[in-house]
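[1] What follows is a predicted protein model with its sequence.
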Amino acid sequence: MGLDAHDEPRRIANRVLATLLVASLAGAVLLPFAAMAPNRLVSGESVSLLTALRAWQVLGLAALAGALALACLVRPLGERRGARLTLVAAPLALLLTLYGLGDYAQRALTDASPAARVSQGAAFWVLVFCTSLMIVDAFQRLGASLWVRSGYGLLVIAAVAALFAAGTFNALSILREYFNIEDAFVAQFVTHLTLVGLALAPTLAIGLPLGLLAHRRPATRGILFSVLNVFQTIPSIALFALLVAPLSALGDAVPWLGALGVAGIGAAPAILALILYSLLPIVRNTQAGFAGVDPATREAARGMGMTRRQILWRVEVPLALPVILSGLRIVTVQAIGLTVVAALIGAGGLGAFIFQGLGQYAIDLVLLGAVPTIALAVVADFLLQILVAVSRPAGAG
Amino acid sequence: MIELQGLTKTYGDKTVVSDISLRVERGEFSVLIGPSGCGKSTTLRMINRLIPLTQGRILLGDEDVTRLPAEQLRRRIGYAIQSIGLFPHWTVADNIAVVPNLLKWPRARIASRVDELLDLFHLDAGEFRDKYPHQLSGGQAQRVGVARALAADPEVLLMDEPFGAVDPLTREVLQNEMRRVHEQTGTTVIFVTHDMDEALKLASRIALLDAGRLVQYDRPIELLTAPAESFVSDFIGKADLGLKLLSRRWVHQYQQAATMSSEAPHHWETDAQGHPTCLHGGRPTTDVAPSVAVTDDWTATPGMTMKEALSRMVWYRVGVLPVIDDAGRLVGEVTLEGVMGRQP
Amino acid sequence: MMSALLRPERRRDALLPLLTVLLVALVLFMGRLEPLFHAAFPQLETAVYARESFWRLTLDHLVLVLVSSLISVSVGVAAGLFVTRRTGREFEPLVSALAAIGQTFPPAAVLAIVVPLAGFGFVPTIVALTLYGLLPVVQNTITGLRTVPADTLEAARGTGMSARQILWRVELPLAMRVIIAGVRVSVIINIGTATIGSTVGAQSLGTPIIAGLVGDNIAYVIQGAVLVGLLAIVSDLAFERLERRYRIGGEASA
């Protein structure tokens, strides 16, 4: 990011932050912050940020916006101190926005009918989105390590969790929807994770040896990758649906398989489809991981008198592991997303709420399925990213 | 110690190594040399059976290597290659300990062996033991590579152009160390290179290969003075044959007593500790001062090659160099007349 | 060696026209297969989806994908270009991070989350497809332009090319293969997501699948799934061929 000699002296050190700040201010002023509706199935009346929040909350947000504006400028803070200020001000603005919404919902509903609902509006999403990006940008400017980011992320998550635990959001429409179906939600959440787990275990059991085969026998690569790529290409719902007919026939024809749960509708076609989807990244990354081992290292291992098995387990596997785990990261995130669609063939999972909600025009139910799925995918991605970092051999600079 | 008998390697109808027979005695430093594609690397890699041989026999002591399980054979033979191939996920100590670990040596013995080897290569054990390969310079990595090859006291050490990928300065240093380590350990070495200067500097015997055929297997001096066919002298290069010869000659072989008498055409002045301080006379030309202060740049040591000594004489325009010991004391001299007056 | 590497490509080259013909034939003449479906599923009253013609559904599906992909590609490439020029360089890390994080979001969840903001029907599906389709295009445009060797750019500047000439004659041609790979990913994902679009009220080849799943009519499900699966495979093969055309001489065939 070195300045070229031709660059004019600048006032704004961080144009990214400035853009995000302008976007959040514009969103906060122009878009509805919340909506108030008489019941869960109709869309409500828009409420702006200025009317929804208490005076001290508006002033607080304004002060934080001022601090962020200061963090954009070259003087008096400079880029690094500006980024540090952002890391304090942006999460505070995020938490204040969250708290303000919950607080408004509680106040608005005290005198309203029991069926009335308060839900979040576009301005709320804009503020959450922009403050999160400000944090990401600040970390990039500071060049913070994965560990620092993780610690900081945990802190912010803990703060949000504390707000949840304190009941701040209990009056919000989406949480009232949640309280209505709490047991079903927990059950479907567990189903979702179970489906992913049941698909990934066989994927690894099949994919890792296939990847090794593709590495050792280059001739198998063309056909193997072509076939697996076809599965990746076919739209998820089509693959799920295409497995319905053969599996129901199989479940009917072979009674003991049917007793095991092999049927046209339900978990069996979902898991099978997830496996077919997940194979390509695992096989490809396993092959790439082994191919990435320096031939000189392998030659030296042979020359030292290691057996094939010793070379595989002591040298090749440890060196290929980060790439293989990157493949696992891809398929885990992918499987979490595809399991949503599996709800359409009766496999359950969080997608059930999405499609149920879409069918009933119940937006809160849709969000109750979609937002946790996204959160689950992002968290899984982050955790596996950490696992990849940990698996990287200490010596690989 | 190790004997190749009629060694042949063919790929399809292409013969890469053709009927090579030679014997390497215990403690010998034997160099396989030749133009690229001459089969020298293939020959080396057949010895530890990284490449299966087509015909012939290889005897290690009196055992036929093809009768031994390949992995066990390789654990008895050290192996160092140009690309080094250090295991990037292991520390220097782990890398050196590979073969001892495979042979299930006790921990304490492995640890002390690692330190001993680091010490042998003048790498500080405390500093280097726990470093990872990517933290080493090219020269350090190659030292660790050779130390790893020596770890389990192999009966033979095979080296495949180990210094081919380092810069010329480092190569020079590594060659000197290799000579020292060979003298200290007495390990039998078979070394592949395409660099004649390297071969002359290190070898006790040189095998010159061409197109898979062994052209001549002899002591370096015979190769220089009695080439078996014109290919040998062509490969060595006739232009600097004299200098090549001097690169096999050492200062101690030409050293004579230092002249101290002021009557002589030249003589030395020393200080109280016996360090040479000044040379009077001894300069072949008259356009320079007759007396000159001795500096470290134009001294010689007994272990220096005569080629280097001669080079210093030419550069500093002196007909005589003081020979000094480790403490810098004057122990003798070598002269231009001395170089010229003897058949190298 | 070379022929061994080429062989799978050759085989796939023959597949493309074959599968295209099959797709078109099925779209036009699915009704003729009614006896076949009747024989396979005798318990069904109607064995071929008839509420809307298959060519109409295919057309709707293609419109969804084409409109969203056109917007994604033009916005995505423009964004990628902007953040790799001097004026936009500052935004590059954030845009890259956004493209990477955004792709961990499940497409179906993104589609669902657009509904409360844009309502049901064609529009939210287009919005979701466009937003999601942007990410691989932006990511690959940045990667493609980033991997143009610095020496090449230096040489181009040295010959006196203007910034515009460097972009059009050097950077874009060299980055083209990677950009097209991004468009390929984007289009394939959008073909799949457009199928799910039928659950938010956008008519597509997903419509018979959903109708079949809801009404327990496996024949409908198979008809929709086979057509959309073929459509995806044919598009993927076509893009693969396009990508290969932009492969630079010395590049490996991997």
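    It's in.
[2] Now for the residue of the stretch 101-250 of chain C found nearest chain A, how many residues are close by?
    Closest contact between the stretch 101-250 of chain C and chain A, by CB to the nearest CB, is at residue C:106 (2.7 Å). C-beta: built from backbone N, CA, C; applies to glycine. When neighbours are counted by other CB atoms under 10 Å in any protein chain shown, residue C:106 registers 28.
[3] Any buried residues in the helix or strand hosting residue A:200, and which?
    For residue A:200, the host element (DSSP states H and E) is helix A:182-216. Buried positions in helix A:182-216, judged by neighbour count with 16 or more other CB atoms under 10 Å in any protein chain shown: A:185, A:188-189, A:191-193, A:195-196, A:198-200, A:203-204, A:207-208, A:210-212, A:214-215.
[4] Nearest residue to the residue of the stretch 101-250 of chain C closest to chain A in space, please, no chain neighbours.
    residue A:337 (2.7 Å; CB to CB, 6 or more residues apart in numbering or on different chains).
[5] Name the helix or strand for that neighbour, please.
    Going by DSSP H and E, residue A:337 is in helix A:317-342.
[6] Could you do residue C:65 as well?
    Going by DSSP H and E, residue C:65 is part of helix C:54-84.
[7] is any part of that helix close to chain A?
    No - using CB under 8 Å from any CB of the partner chain, helix C:54-84 never reaches chain A; the gap is at least 10.2 Å.
[8] So what angle separates the directions of the next helix-or-strand element following that helix and helix C:54-84?
    Towards the C-terminus, the helix or strand next in line after helix C:54-84, according to DSSP H and E, is helix C:92-102. For helix C:92-102 against helix C:54-84, the angle by axes from the mean of the first three to the mean of the last three CA atoms, to 10 degrees is 150 degrees.
[9] and helix C:92-102, anywhere near chain A?
    Yes - for helix C:92-102, a contact with chain A is found by CB under 8 Å from any CB, at C:93, C:94, C:97, C:98, C:101.
[10] Could I get the buried residue list for that helix?
    For helix C:92-102, the neighbour count (16+ other CB under 10 Å) marks C:92, C:93, C:94, C:95, C:96, C:98, C:99, C:101, C:102 as buried.
[11] quick one: the helix or strand just after it to helix A:317-342, angle?
    For helix C:92-102, the following helix or strand on the C-terminal side (DSSP H and E) is helix C:107-118. Helix C:107-118 runs at 50 degrees relative to helix A:317-342, counting by the same axes, to 10 degrees.
[12] which residues sit against helix C:107-118?
    Residues from elsewhere that reach helix C:107-118 (CB atoms under 8 Å, 6 or more residues apart in numbering or on different chains): A:122, A:125, A:337, A:340-341, A:351, A:354, A:357-358, A:363, A:366-367, A:369-371, A:373-374, A:377, C:124-125, C:127-128, C:131-132, C:189, C:192-193, C:196-197, C:200.
[13] What's the local residue count around residue C:76?
    Counted with other CB under 10 Å, residue C:76 comes out at 27.
[14] Please report how far it lies from chain B.
    According to CB to the nearest CB, to the nearest Å, residue C:76 and chain B sit 37 Å apart.
[15] sorry, back to before: what's near enough to touch the residue nearest to residue C:106?
    Residue A:337 sits in contact with A:373, A:377, C:105, C:106, C:107, C:108, C:109, where contact means CB under 8 Å, 6+ apart.
[16] Likewise for residue A:293?
    A:315, A:316, A:319, A:320.
[17] mind checking the SS state of it?
    Three-state assignment for residue A:293 (DSSP: H, G, I helix; E, B strand; the rest coil): coil.
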